[in-house]
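K.L.:
Everything below, folded, please.
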Amino acid sequence: MHALQRAPPLAPGRVRATYLAPPSPVPNSRPKARVLVLAREAVIAALVGMLLELEEFEPVFPAPDERPEDAIRRLRPPLIVVLDGELPEARSDLFFARCAQSGARVCLFSEPVAADDVRAVARERRAAFFAMPVERRELGAVLERVLADAG
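P.N.:
Numbering: from 1, shown residues only. Below is the predicted model:
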């Protein structure tokens with residue numbers, strides 16, 4: 001409906017629905033960085049993606065059945081977050097070589113239960129490691145530190 005047009009009258013007993021729109025982004029704002037999110041469970045990736053958006057990052061995800069290395073080539077992210085240290089990619093020499101070749105930094109996250117094992121893998125691969133933060137601002141700060149270390 002054009003801004004100058006009036007809404008049609010409502011039938012007796014009806015009320016007009018109003019919807020709250022999400023806050024509009026700051027004009028001309030750009031995401032801090034594109035972040036490729038890899039996880040075993042799509043719902044976990046989506047939830048972390050939402051947190052990343054709230055911290056002004058641009059989360060991107062592999063297409064269904066797309067291999068991580070193909071997603072890296074297609075999306076060219078400066079930062080890759082592996083949400084599960086038990087994913088095969090988290091332990092693959094080839095994965096880390098492809099990340100290095102693309103210039104992407106890798107950050108391994110883990111739930112606290114598996115933190116020691118995943119921390120050892122990260123140390124061996126010279127990748128950043130953090131036990132999964134619970135606060136979105138903490139997540140944002142972690143990723144900002146990883147990006148700052150790269151540049």
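
K.L.:
which regions of this protein lie under the pLDDT threshold?
P.N.:
By pLDDT under 70, the weakly predicted segments of the chain are 1-29, 85, 133-134, 150-151.

K.L.:
Go again with 80.
P.N.:
1-31, 84-86, 90, 112-113, 132-136, 150-151 (pLDDT under 80).

K.L.:
Summarise which helices and strands the helix ranked longest in the chain is packed against.
P.N.:
In terms of residue count, the longest helix belonging to the chain (DSSP state H) is helix 136-150. Packing contacts for helix 136-150, counted by 3 or more Cβ pairs under 8 Å, 6 or more residues apart in numbering; DSSP states H and E, involve helix 42-54, strand 79-82, strand 105-110, strand 128-131. Where you see a C-beta, it was placed from the backbone N, CA and C, and this is true even at glycine.

K.L.:
Dump those into JSON lines; add distance to Ala90 and mean neighbour count as well.
P.N.:
Output for those, formatted as JSON lines (distance: least, Cβ to Cβ, whole Å; neighbours: other Cβ atoms under 10 Å):
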{"stretch": "helix 42-54", "distance to Ala90": "14", "mean neighbour count": "15"}
{"stretch": "strand 79-82", "distance to Ala90": "5", "mean neighbour count": "26"}
{"stretch": "strand 105-110", "distance to Ala90": "6", "mean neighbour count": "23"}
{"stretch": "strand 128-131", "distance to Ala90": "10", "mean neighbour count": "20"}
